[in-house]
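**Student:** I would like the atomic coordinates for the input below:
(2 chains)
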2 protein chains.
Amino acid sequence: MRQVAILGVGQVPVREHWDLAIRDMAVDAARAAMDDAGVDRVDAIYVGNMTSGAINQQRQLGTLVADFLGQWGVEAVRMEAACGSAGSAMRQGIMAVASGECDAVLAVGVEKMTETPGADTTTALVGAADAEFEGIQGVSFVGLNALIMRRYMHEYGYAHDDFAPFAVNAHANGAKNPNAMFRKAISAAAYSKGRVVADPVTLYDASPVGDGAAALLLVPAERAPKAVRVLGSAVSTDTLAIHDRRDPLWLEAAEKSAARAFDQAGVGPDDIDLFEAHDAFSIMAALSLEACGFAERGQGVRLAQEGDILPHGRIPISTMGGLKARGHPVGATGLYQLAEATLQLRGEAGPAQIDGARIALTQNIGGSGATIATHVLAA
Amino acid sequence: MRQVAILGVGQVPVREHWDLAIRDMAVDAARAAMDDAGVDRVDAIYVGNMTSGAINQQRQLGTLVADFLGQWGVEAVRMEAACGSAGSAMRQGIMAVASGECDAVLAVGVEKMTETPGADTTTALVGAADAEFEGIQGVSFVGLNALIMRRYMHEYGYAHDDFAPFAVNAHANGAKNPNAMFRKAISAAAYSKGRVVADPVTLYDASPVGDGAAALLLVPAERAPKAVRVLGSAVSTDTLAIHDRRDPLWLEAAEKSAARAFDQAGVGPDDIDLFEAHDAFSIMAALSLEACGFAERGQGVRLAQEGDILPHGRIPISTMGGLKARGHPVGATGLYQLAEATLQLRGEAGPAQIDGARIALTQNIGGSGATIATHVLAA
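**Tutor:** Residues are numbered from 1 along each chain as shown, chains lettered A, B, ... in the order given. Model (predicted):
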């Protein structure tokens, strides 16, 4: 297996893109990654996307992107693992290069969720849960996360306000990222007054859906000795339904995929300079920090309260706004995380730069912890 | 890259399965493949499926299959390339084993299209076309194939009845396959009187959608010296919209993926003992035969008329009924083709057995030729 490097990065700002179709956003991000890499032909394109069939009435998105990118004839496919789709696309892209099968690959994540006539986003999103045992009860995807958050508060004795540091940090960091959807810092007091979406999840606990696309161009590391390298890449799964898990407050797939990625990379939690966590909900950020070994069980919130997740803290997270402030175009998110981590490791994160960042971790979560892709990158 | 072998085969009969959910069918096929192989733990599961988000309100199908198969923690993802989804899942499974990353992989194709409340199959299927330039015109997927067939008849001077041998052969062969949806031979006279679906496509030119699942268990060939081997595997793409192609009567992605698969295998069209073609429509069977080198341009229909596609002909196709008679559960079809080819090469095809079959070709087509996966297998 060859080591893989990230030679190009491309992003479309996360917005409500009234003027862009799903193909436009994907092509813009992919073209930016190719230009950044100075590569004009790839061997394969893996497109992560969650809802294009239902929301955009468009399938075969891999082929559509290849087509409108002018990469006719190239191998292409769409990968779907709900909100973990782009992390899975990255994983396949890495495997294609690592195996020697391909020498230049695009991993693209794209989602077009707003300004789409007839789109039923809430119905599409609950498809991430178990349709026959969760969705059929009428629960929304936010509702499922609310159940987990409430249980966490009960088990470990936290109040809602204790989660404020996740939102405050994410919004402060998002203010420094031109591609972020929300670019305004918020106070703990504002968090405290956030409108309830599904008790106890408030507006500031939940990430906003949006339109966006992010892409990475992958090559064998031997061809790009100075580029950011992929040290570890793993996907693990858990039961789809929360009620089937041994412990609804423990992300087994996060623990397993992180352990595998750390093992491949030969590093551990103490070596990580920044962590792009999947903070679709505040509770997911806490559980992800715990499962990856940055905090003991039930202590993820305390870690945030102690300031360890801030840009100058022990383990900075959501350094460019995270899902909360950059925005969460669901099937694209995993590649936004990887794009941001790559910019950090290049020292190109602008005002959001984490000083001396050399090793980064990203974790992309599909469903309520059902499919989790973890990557370790190094400068 | 390691050579890959097919150690296990599993299929659910293609039917209207009133009593089975999508997860049941996928798990039944996967379990059958694992039992056939004598393997009880896999490293990864790649699930090909086209419409589960829109029709079954279920996403993360890879993870769902892993979950209900009892393969907790395993890597899993869903692959989507419209009707080419299962061929793409096979391609990824092969790459995972060939690369050395995995030692046992399941490639599963599954689709649940009937007896699903509120399912709008016609809308879901036209998502295989270009939504903004084809679908938006109100054309159905059958309509697109009707346009191609009409043009073919015009260019090469064929009458509708000239296509009869494709349907007659498929239905005769399907009668010998217990997993086929239609198990009754038809006559050329019956074909001639088929009801029009979208002129000139009649009921016998179009394949029936249905519910089904097929799975293969893949391992390194060195661990299964007597198992059927994968000699070639390639995916190629074309423009999504037919009007963007240089020649709407030539499947460039079929030509390219077949050339690559033949090259990997070190064989050519003359070495192929049977061909599981993607006869979703009669015209697609003709175009596929031409693009793979079995007939000259415009001569695919003539090849059929001359009896070459029959079980004892030069290049038997649709040997167990093809999409027309076995049925076409869209995202599962590619793996039904591969499962049938594997049974043929094992000499386990029962009354449908092609004598002395040693090398088989399969071709799975997404959209009207947009994503094409071609595989070469050998006994």
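**Student:** Looks like residue A:278 contacts residue A:361 (just checking).
**Tutor:** No: when contacts are counted by Cβ atoms under 8 Å, residue A:278 is not listed as touching residue A:361 (11.3 Å). C-beta: built from backbone N, CA, C; applies to glycine.
**Student:** And the pLDDT for the residue in chain A that chain B sits nearest to?
**Tutor:** Nearest residue of chain A to chain B: residue A:99, at 3.2 Å (Cβ to the nearest Cβ). Looking at residue A:99, its pLDDT stands at 91.
**Student:** tell me the contacts of it?
**Tutor:** Counting by Cβ atoms under 8 Å, 6 or more residues apart in numbering or on different chains, residue A:99 touches A:1, A:2, B:1, B:95, B:98, B:99, B:100, B:101.
**Student:** Same check on residue A:197?
**Tutor:** Going by Cβ under 8 Å, 6+ apart, the list of residues near residue A:197 reads A:142, A:146, A:203, A:205, A:206.
**Student:** Please name the bridge partners of residue A:47.
**Tutor:** The bridge-partner assignment for residue A:47, based on DSSP bridges, gives residue A:78, residue A:108.
**Student:** Just give me the neighbour total for it.
**Tutor:** Residues lying near residue A:47 (other Cβ atoms under 10 Å in any protein chain shown) number 33.
**Student:** again, but for residue A:33
**Tutor:** By other Cβ under 10 Å, 27 other residues sit near residue A:33.
**Student:** Please look at it and residue A:105 and confirm they touch.
**Tutor:** No: using Cβ under 8 Å, residue A:33 is not in contact with residue A:105; the gap is 10.6 Å.
**Student:** Find the residues that touch each one of those two.
**Tutor:** Counting by Cβ under 8 Å, 6+ apart, the residues touching both residue A:33 and residue A:105 are residue A:217.
**Student:** List the buried residues for the helix or strand of chain A with the lowest mean pLDDT?
**Tutor:** Lowest on mean pLDDT, DSSP states H and E among the helices and strands of chain A sits helix A:121-126, with a mean of 88. By 16 or more other Cβ atoms under 10 Å in any protein chain shown, the buried positions in helix A:121-126 come out as A:121, A:123, A:124, A:125, A:126.
**Student:** Same check on stretch A:26-42?
**Tutor:** Buried residues in stretch A:26-42, counted by 16+ other Cβ under 10 Å: A:26-34, A:36-37, A:39, A:42.
**Student:** Contacts only, for the most centrally placed residue in chain A.
**Tutor:** The residue lying closest to the centre of chain A (Cα atoms, centre = their mean) is residue A:334, at 3.1 Å. Residues near residue A:334 by Cβ under 8 Å, 6+ apart: A:48, A:83-90, A:109, A:362, A:364, A:373.
**Student:** Would you enumerate the residues in contact with the closest residue to residue A:122 other than its chain neighbours?
**Tutor:** Spatial nearest neighbour of residue A:122, excluding adjacent residues (Cβ to Cβ, 6 or more residues apart in numbering or on different chains): residue A:140 at 5.8 Å. Shown in contact with residue A:140 (Cβ under 8 Å, 6+ apart): A:122, A:125, A:126, A:198.
**Student:** Recalculate using a threshold of 10 Å.
**Tutor:** With contact taken as Cβ atoms under 10 Å, 6 or more residues apart in numbering or on different chains, residue A:140 is in contact with A:122, A:123, A:125, A:126, A:129, A:134, A:146, A:197, A:198.
**Student:** closest to residue A:184 among these?
**Tutor:** Residue A:184 lies nearest to residue A:197 out of those, by Cβ to Cβ, at 19.1 Å.
**Student:** That closest one: what secondary structure?
**Tutor:** Three-state call for residue A:197 (DSSP: H, G, I helix; E, B strand; the rest coil): strand.
**Student:** cool, residue A:216 as well?
**Tutor:** strand.
**Student:** Report whether the expected contact of it with residue A:228 is present.
**Tutor:** Yes: if you go by Cβ atoms under 10 Å, residue A:216 and residue A:228 touch, sitting 9.3 Å apart.
**Student:** Show me the strands in chain A, by range?
**Tutor:** In chain A, the strands defined using DSSP state E lie at A:4-11, A:44-48, A:75-80, A:105-111, A:196-198, A:201-202, A:212-220, A:228-237, A:274-276, A:359-366, A:371-378.
**Student:** what about the third one, average pLDDT?
**Tutor:** Spelled out, that is strand A:75-80. Strand A:75-80 comes out at a mean pLDDT of 98.
**Student:** CA atoms only: put that strand into PDB for me.
**Tutor:** Written as PDB, here are the backbone C-alpha positions of strand A:75-80 (Å, rounded to 0.1, in the frame of the first residue of the first chain):
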ATOM      1  CA  GLU A  75     -14.300   6.000 -13.300                       C
ATOM      2  CA  ALA A  76     -16.900   7.600 -11.000                       C
ATOM      3  CA  VAL A  77     -19.400   6.700  -8.400                       C
ATOM      4  CA  ARG A  78     -21.500   8.200  -5.600                       C
ATOM      5  CA  MET A  79     -21.000   7.100  -2.000                       C
ATOM      6  CA  GLU A  80     -23.700   7.400   0.600                       C
END
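**Student:** coming back round to it: filter the contacts of residue A:197 down to the buried ones.
**Tutor:** Members of the contacts of residue A:197 classed as buried by 16+ other Cβ under 10 Å are A:142, A:146, A:205, A:206.
**Student:** And the residue nearest to the third one when sequence neighbours are not counted, how far from residue A:207?
**Tutor:** When you say that, I think you mean residue A:205. In space, residue A:205 comes closest to residue A:282 once its chain neighbours are excluded; the distance is 4.3 Å by Cβ to Cβ, 6+ apart. Plainly put, residue A:282 is 10 Å away from residue A:207 if you go by Cβ to Cβ, to the nearest Å.
**Student:** quick one: which of these two has more around it?
**Tutor:** Taking other Cβ under 10 Å, residue A:282 and residue A:207 do not tie; residue A:282 has more neighbours (31 against 28).
**Student:** hmm, back to that, compile the contacts of residue A:334 into JSON lines and extend it with columns for neighbour count, pLDDT and distance to chain B.
**Tutor:** JSON lines is the format used below for those (neighbours: other Cβ atoms under 10 Å in any protein chain shown; pLDDT from 0 to 100; distance: Cβ to the nearest Cβ, whole Å):
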{"residue": "A:48", "neighbour count": "39", "pLDDT": "98", "distance to chain B": "9"}
{"residue": "A:83", "neighbour count": "33", "pLDDT": "97", "distance to chain B": "9"}
{"residue": "A:84", "neighbour count": "36", "pLDDT": "98", "distance to chain B": "8"}
{"residue": "A:85", "neighbour count": "35", "pLDDT": "98", "distance to chain B": "8"}
{"residue": "A:86", "neighbour count": "38", "pLDDT": "98", "distance to chain B": "11"}
{"residue": "A:87", "neighbour count": "35", "pLDDT": "98", "distance to chain B": "10"}
{"residue": "A:88", "neighbour count": "33", "pLDDT": "98", "distance to chain B": "5"}
{"residue": "A:89", "neighbour count": "37", "pLDDT": "98", "distance to chain B": "9"}
{"residue": "A:90", "neighbour count": "32", "pLDDT": "98", "distance to chain B": "11"}
{"residue": "A:109", "neighbour count": "36", "pLDDT": "98", "distance to chain B": "13"}
{"residue": "A:362", "neighbour count": "27", "pLDDT": "98", "distance to chain B": "17"}
{"residue": "A:364", "neighbour count": "35", "pLDDT": "98", "distance to chain B": "12"}
{"residue": "A:373", "neighbour count": "33", "pLDDT": "98", "distance to chain B": "9"}
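**Student:** Make TSV out of these and add distance to residue B:245.
**Tutor:** Supplementary listing: the contacts of residue A:334 in TSV, determined by distance: Cβ to Cβ, whole Å:
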residue	distance to residue B:245
A:48	27
A:83	35
A:84	34
A:85	29
A:86	30
A:87	34
A:88	30
A:89	27
A:90	31
A:109	28
A:362	39
A:364	36
A:373	35
